[in-house]
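Chemist: no sequence for this one, just the structure:
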């Protein structure tokens, strides 16, 4: 997954040859149905999760014109994310290149999440390709249960005893990544 700023992350995946719009929508629908945070809406006191099938996945998928600029499409898709309206994810299909851009709000994805989402896309396609349905099993642990478990664990005496140590970890300046401070003029993507 790559970055598109503070509020979103993105990934570009190769699509199988011969996939059509209906296949793309079926695969994306299965993934959105499996991962409840992709169906979430941000409200004043947390997230409200819609039921399976509650998201119009076809409405979240745009098709880029042939030869479209990927960065422009990425910026456009990221600008359409709207957690308060329940738009946590957008998809851009580069049909001429056989690729799909996935843009997800950072409220509901992190670097580790991609290791789950991307294989789920492949598994859902395998179901479609074999003539079946793009269906994925429900997660073993719901986001609701996981969130409640974190809250319960945070007040356990063992966790409270760790507070001073964790506070010390974030105090003071960040350590240097190398032998000198970063120089924005020298330390660029081109010099990596």
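Modeler: Perfect, I can see it now. None of these values were measured; they are calculated from a predicted model. Residues are numbered from 1 along each chain as shown.
Chemist: below-threshold pLDDT in this protein: ranges please.
Modeler: Residue ranges of the chain with pLDDT under 70: 1-6, 132-134.
Chemist: direction included, what does the helix or strand harbouring residue 47 pair against?
Modeler: Per DSSP states H and E, residue 47 falls inside strand 46-49. For strand 46-49, sheet partners with direction are given as strand 40-43 (antiparallel), following DSSP bridges.
Chemist: the chain: strands as residue ranges?
Modeler: With DSSP state E, the ranges of strands along the chain come out as 2-3, 8-14, 40-43, 46-49, 61-63, 89-94, 99-105.
Chemist: residues making contact with the fifth one?
Modeler: In this case it means strand 61-63. With Cβ atoms under 8 Å, 6 or more residues apart in numbering as the contact definition, strand 61-63 has outside contacts at 21, 24-25, 28, 73, 76-77, 90-93, 95. C-beta here means a position set from N, CA and C on the backbone, and glycine is covered the same way.
Chemist: now do the same contact list for residue 36.
Modeler: Neighbour list for residue 36: 49, 139, 142-144 [criterion: Cβ under 8 Å, 6+ apart].
Chemist: quick revisit: for PyMOL, what selects the buried ones among the contacts of strand 61-63?
Modeler: Buried subset of the contacts of strand 61-63, written as a PyMOL selection, criterion 16 or more other Cβ atoms under 10 Å:
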select buried, resi 24+25+28+73+76+77+90+91+92+93+95
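Chemist: so residue 99 touches residue 14, yeah?
Modeler: Yes. Residue 99 is within contact range of residue 14, at 5.8 Å (criterion: Cβ atoms under 8 Å).
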